[in-house]
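J.: I'd like to go over a predicted model; first the sequence, then the structure.
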Amino acid sequence: MFRSIVVPVDLGEAALSRAAIDRAVAFAKLSDGRVMLVNVVPIMPVMMLDTVPVSCEAEVADKAKAELADLVKTIDLPPSRVAAVVRIGGVYHEILDVADEEGADLVVVGSHRPAMATYLLGSNATAIVRHARCSVLVVREAERRTSVPIG
């Protein structure tokens, strides 16, 4: 079963991240595994360096570390089986690097339903699926359906 599980966390997409975390925790409980939450702070584009303070990335990373620490406290696993890390860089590159460093056998990533823009431009979830050296589970957000009576 899965003993080392990496979960990318988008702090701006709480519901989507929570669905992925909950699925990862369920797998970890089945196999006495551990979960590593990963948040990636994107690198500041060069064109913004003149208008944004140099310390901006570090400040965003510090805020993300605090938010991840709070999130870790909500996970129903012993503290020794949950960890979190904030990286700065390209999202899918950093996720894949952490998965390799952790010897992960599963990455659980939350993803929206594909849209036309995703098909044309790609997404981080797509890149993770394509390039991961381990299994990847894509957890979709719950669809909002309205029931229509039949007959």
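T.: Perfect, thanks for sending it.

J.: going forward, measure contacts between C-alpha atoms and count neighbours the same way
T.: Noted.

J.: pull the contacting residues for Glu102.
T.: Shown in contact with Glu102 (Cα atoms under 8 Å, 6 or more residues apart in numbering): Ser4.

J.: cutoff 10 Å now
T.: If a contact means Cα atoms under 10 Å, 6 or more residues apart in numbering, then Glu102 has Ser4, Ile5, Val6, Val35, Met36, Leu96 as its contacts.

J.: could you measure from the closest residue to the last one other than its chain neighbours over to Val107?
T.: Of all residues beyond its chain neighbours, the one nearest Leu96 is Ala132 (6.1 Å), with distances taken as Cα to Cα, 6 or more residues apart in numbering. Computed as Cα to Cα, to the nearest Å, the Ala132 to Val107 distance reads 8 Å.

J.: neighbour-wise, which of those two wins?
T.: Using other Cα atoms under 10 Å, the more surrounded residue of Ala132 and Val107 is Val107, with 28 against 20.

J.: beta partners of the more buried one?
T.: Val6, Val136 (DSSP bridges).

J.: so it touches Leu137, yeah?
T.: Yes. Here Val107 reaches Leu137: they are 6.2 Å apart, a contact under Cα atoms under 10 Å.

J.: give the residues shared as contacts by the two.
T.: Here Val107 and Leu137 have Val7, Ala20, Ala24, Val129 as joint contacts, going by Cα under 10 Å, 6+ apart.

J.: which ChimeraX command selects the buried ones in those residues?
T.: Selection of buried members from these for ChimeraX, criterion 16 or more other Cα atoms under 10 Å:
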select :7,20,24,129
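
J.: need the max-distance pair from the shared contacts of Val107 and Leu137.
T.: Ala24 and Val129 (16.0 Å; Cα to Cα).
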